[in-house]
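# model this:
(one chain, ligands or ions: 1)
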Amino acid sequence: MHPTDFEEAAHTGLTAPGGGLVSVRWLGTAGYELRCDGVTLLIDPYLTRAGYRRVFAGSLRSDRAIVDREIASADAILVSHSHFDHVLDVPYIAARTGAVVYGSRSTANLMAAAGHPAERVVTFENDRISELEVGPFRIEAVPSQHSPFALGRIPYPGDIPCTCELPMPGRGYRCGDVFNFAVRVAGRSFYHLGSAGLVDDLIPVGRDGVDVLLLCIAARFATPDFVPRVLRATRPRVVMPMHYDNFLRPLDRTMQLLPRTKFGQLIDDVERFDRQMVVRTLALGGRLDVT
Ligand SMILES: [Zn+2]
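Purely as a prediction, here's the structure:
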């Protein structure tokens, strides 16, 4: 499919081979809500967006009013890694919705500390690609890496231990293992890359590439040649950048870019790689319907 056809499909409701409508909603940071056939898949949902003081000097708790307002239901939650801006709200959302949570050992330890039933937590191994199905969604969890942006190191490295107690300060949310998610649904393919690191050879994208690349662009300059490498590995028709919003500001305030986002350079890098690739952004909370 030509990229302009994708845009056409997104706006006119053309029927895809698989039939069902896929709704993609950006929740801010690396968070997405994907819906198809009445099934809701969340990836890295972080709505609380705690301010600077609470993150760095206090204990973190979900803002339940905001989460309740934004998340109606969830059948499954995928967690790319266990930094607070990816996983903080997962225990509350899972408790309220009964969703199954998929993530690292570190995420599983957090869910156990929150009292989530063990039978509704699935732990990925960090040395292989895990395959799972959630309703119409076919998902591969691909081991990956976090951007080493803190003076060449990953911030808050290591695992959340099984002895952790909630609530925790921001620094308690250790990174744990990192995963990308390849999602196929209704004849469309998505690739979620929640931190700007990658293991090029592991990315399981066929020669045709993916329809939509959900791409973390924060702190990408710590990973050499990040943008061309990830484009080469995934060959997307549409690049949807994310995690560029200042997540220390509440959802209801005007969005600000994180420092060193360099959006113009991203556009240049994508165009230099392939002029046919489309860069598509969503507003905070914005939705794109793909059929
Ligand atoms: Zn992170």
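# Helices of the stretch 51-200 of the chain, start to end?
52-57, 64-70, 84-87, 90-97, 105-113 (DSSP state H, counting those that start in this stretch).
# most tightly surrounded among these?
Neighbour counts (mean count of other CB atoms under 10 Å) averaged over each of these peak at helix 84-87, with a mean of 25. In short, each C-beta sits where N, CA and C put it, glycine included.
# Give me the secondary structure label for Thr40.
Following DSSP: H, G, I helix; E, B strand; the rest coil, the label given to Thr40 is strand.
# Who are the contact partners of it?
Residues near Thr40 by CB atoms under 8 Å, 6 or more residues apart in numbering: 33-34, 72-76.
# with these in mind, which one is nearest to Ala182?
If you rank these by distance to Ala182 using CB to CB, Leu34 comes first, at 12.6 Å.
# Let me know the pLDDT of the residue in the chain positioned nearest to the ion.
Nearest residue of the chain to the ion (CB to the ion) works out as His83 at 3.5 Å. His83 is assigned 98 on the pLDDT scale.
# For burial, what's the neighbour tally of it?
Neighbour count of His83, defined by other CB atoms under 10 Å: 27.
# Quick check: it touching Arg171?
No. Judged on CB atoms under 8 Å, His83 makes no contact with Arg171 at a distance of 10.1 Å.
# so who does His29 touch?
No, residue 29 isn't His; it's Thr. Shown in contact with Thr29 (CB under 8 Å, 6+ apart): 44, 46, 49, 85-86, 242-243, 245, 247.
# Show me which of those residues are buried.
Among the contacts of Thr29, those scoring as buried are 44, 46, 49, 85-86, 242-243, 245, 247 (criterion: 16 or more other CB atoms under 10 Å).
# Just the ones in strands from those, please.
Per DSSP state E, strands hold the following members of the buried ones among the contacts of Thr29: Met242.
# Close to the ion: what parts of the stretch 51-200 of the chain are there?
83, 195 (CB under 5 Å from the ion).
# the strands in the stretch 51-200 of the chain, which residues?
In the stretch 51-200 of the chain, the strands defined using DSSP state E, counting those that start in this stretch lie at 76-78, 100-103, 121-123, 130-134, 137-144, 178-185, 188-193.
# most neighbours per residue, which of those?
strand 76-78 (a mean of 28).
# What's the local residue count around the residue lying closest to Ser195 once chain neighbours are set aside?
Computed as CB to CB, 6 or more residues apart in numbering, the closest residue to Ser195 that is not its neighbour in sequence is His146, at 4.5 Å. As a burial measure, His146 scores 26 neighbours (other CB under 10 Å).
# Can you list phi and psi of the residue lying closest to Ala57 once chain neighbours are set aside for me?
In space, and not counting its chain neighbours, Ala57 is closest to Pro169: 7.6 Å by CB to CB, 6+ apart. Main-chain torsions, Pro169, degrees, to the nearest 10: phi -70, psi 170.
# Enumerate every residue touching Pro169.
Contacts of Pro169 by CB under 8 Å, 6+ apart are 55-60.
# ok, back up a step: residues contacting the residue nearest to Ser195?
81, 154, 175, 178, 195, 197.
# The second one against Arg174, yeah?
No. At 9.5 Å, Ile154 and Arg174 do not qualify as touching, with contact defined as CB under 8 Å.
# Please report the distance of the closest residue to Arg64 other than its chain neighbours from Asp225.
Distance criterion CB to CB, 6+ apart; nearest residue to Arg64, sequence neighbours excluded, is Tyr92 at 6.3 Å. Distance, Tyr92 to Asp225, by CB to CB, to the nearest Å: 38 Å.
# And the helices of the stretch 51-200 of the chain: which comes nearest Ser23?
Ser23 lies closest to helix 64-70 among those, at 14.2 Å (CB to CB).
# Provide a list of residue ranges in the protein with pLDDT below threshold.
Residues of the chain that meet the criterion pLDDT under 70 lie in 1-20.
# before we move on, back to that, check the spacing between the residue nearest to Ala57 and Leu198 real quick.
Counting by CB to CB, the gap from Pro169 to Leu198 is 29 Å.
# Kindly report the same for Leu78.
Per CB to CB, Leu78 is found 17 Å from Leu198.
# Show me the beta-bridge partners of Cys36.
When bridges are called by DSSP bridges, Cys36 pairs up with Val39.
# what's near enough to touch it?
Residues near Cys36 by CB under 8 Å, 6+ apart: 20-23, 135-137, 185-186.
# cool, Leu42 as well?
By CB under 8 Å, 6+ apart, the residues touching Leu42 are 27, 31-34, 71, 74, 76-78, 93, 99.
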